[in-house]
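**Student:** model the following, please.
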Amino acid sequence: MLRAAVSFLVAGALVAQAPPTNPSLPRPDPTPVPPTQGMVWIDGGEAVLGSQTGDRDAPLHRVKLSGFWLDATEVTNAAFARFVAATGYVTDAEKKPTAAEVPGVPEDQLCAGSLVFMPPPDAVDLRQFWQWWTFVAGADWRHPTGPGSSIAGLDDHPVVHVSWRDANAFARWAGKRLPTEAEWEFAARGGLDQQRYVWGSEKVPDGRWRANIWQGTFPRQNSRADGFAATAPVRAFAANTFGLHGMSGNVWEWCSDLYHPRGYGDGTQVLVDPQGPATSFDPQEPGVVKHVMRGGSFLCSDEYCLGYLPGTRMKSTPDTSLCHTGFRCALTAPGPGK
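**Tutor:** Numbering: from 1, shown residues only. Got it, this is the predicted structure:
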């Protein structure tokens, strides 16, 4: 949506396109599934979390977690469509922002939409991320690349263009919640303590890609060596040792925590069931509240973004929506047989 784009891109980088025709979609069965269906029980325990590459905002630290349930996959288009059919929910990307929400933007440029990746034709400075991000009027979860696009045939792909607020609304409807950052990373690692990847220490073991990320020259040329240019079906790649799919790549996933570069404390104490910092702070945008995203996406490249590594953090405002951001849900409930 435009209010998110203003905080994400530099002035003058927005390119609005024509709004969509909003074709109607079949209304799926609005009945929610049982809460733990499609979820995996995580026993909890102690582990060392944090960046293996020395990220300053993700120092190594030890946590102790209680058991919890976590969706085996990212929330799909089909699941999100059931939610919308049942509730009539309208996502942030589908709402026109007000002039008060985005001061300084001319009235004729205020429109619903979201941020879409568009590869530039020529080589660019990788510090100039606005060269491959475009605000597209009419882009939303139903129209992932903008007017004329659809999610037909993508029922089993992760829903995208959902904000933190949208993800929370879905979670509440489903009787769940968003995972904490500690829960997310603990689950992603699958018991492989301090490994570089969620599957171990080798990037491409046996010559097989284990995640949907970018191969080639970012952001212009993607060789699609993993088989995908954009989102992949949520079970396209093998699960980790906990039975969780897509904990690396495909789409960024929202966590419940506020973002703070010192959110882990001083690293000298064991954090027990941490819920994240009480306040948000981003040195790049002081005063702007942000939440944590984890897991990386199909746009992660070793040339530019190591977000697909389990200890890497990202953050954004709670109303931000992008073409490579989704989520999965957690649940606090007794484990199987308990």
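
**Student:** and Asn250, what does it touch?
**Tutor:** The contact partners of Asn250, by Cβ atoms under 8 Å, 6 or more residues apart in numbering, come to 74, 158, 211-212, 231-232, 234, 236, 295, 297-298, 326. In short, each C-beta sits where N, CA and C put it, glycine included.

**Student:** burial measure for the residue lying closest to Trp199 once chain neighbours are set aside, as a count.
**Tutor:** Nearest residue to Trp199, sequence neighbours excluded (Cβ to Cβ, 6 or more residues apart in numbering): Arg210, at 4.8 Å. The tally of other residues near Arg210 (other Cβ atoms under 10 Å) stands at 21.

**Student:** where in the stretch 201-338 of the chain is pLDDT low?
**Tutor:** Within the stretch 201-338 of the chain, the stretches with pLDDT under 70 are 338.

**Student:** what segments of the stretch 51-200 of the chain are helices?
**Tutor:** Counting by DSSP state H, counting those that start in this stretch, the segments of the stretch 51-200 of the chain that form helices are 77-87, 164-173, 181-189.

**Student:** could I get those helices as JSON lines with mean neighbour count, mean pLDDT and distance to Asn250?
**Tutor:** Converted to JSON lines, the helices of the stretch 51-200 of the chain look like this (neighbours: other Cβ atoms under 10 Å; pLDDT from 0 to 100; distance: least, Cβ to Cβ, whole Å):
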{"stretch": "helix 77-87", "mean neighbour count": "20", "mean pLDDT": "97", "distance to Asn250": "13"}
{"stretch": "helix 164-173", "mean neighbour count": "21", "mean pLDDT": "98", "distance to Asn250": "15"}
{"stretch": "helix 181-189", "mean neighbour count": "25", "mean pLDDT": "98", "distance to Asn250": "12"}
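
**Student:** could you dump the ones you listed into a markdown table and include distance to Lys64?
**Tutor:** A markdown table is the format used below for the helices of the stretch 51-200 of the chain (distance: least, Cβ to Cβ, whole Å):
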| stretch | distance to Lys64 |
| --- | --- |
| helix 77-87 | 31 |
| helix 164-173 | 24 |
| helix 181-189 | 9 |
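
**Student:** nearest approach to His260 belongs to which of those helices?
**Tutor:** Shortest distance between His260 and the helices of the stretch 51-200 of the chain, using Cβ to Cβ, is found for helix 181-189: 10.6 Å.

**Student:** what's the spacing between that closest one and its chain's center?
**Tutor:** Centroid separation between helix 181-189 and its chain, computed with Cα atoms, centre = their mean, to the nearest Å, is 14 Å.

**Student:** okay, and Trp254 sits in which element?
**Tutor:** Using DSSP states H and E, Trp254 sits within strand 252-258.

**Student:** okay, the angle between that strand and helix 181-189?
**Tutor:** Put simply, strand 252-258 runs at 150 degrees to helix 181-189, going by axes from the mean of the first three to the mean of the last three Cα atoms, to 10 degrees.
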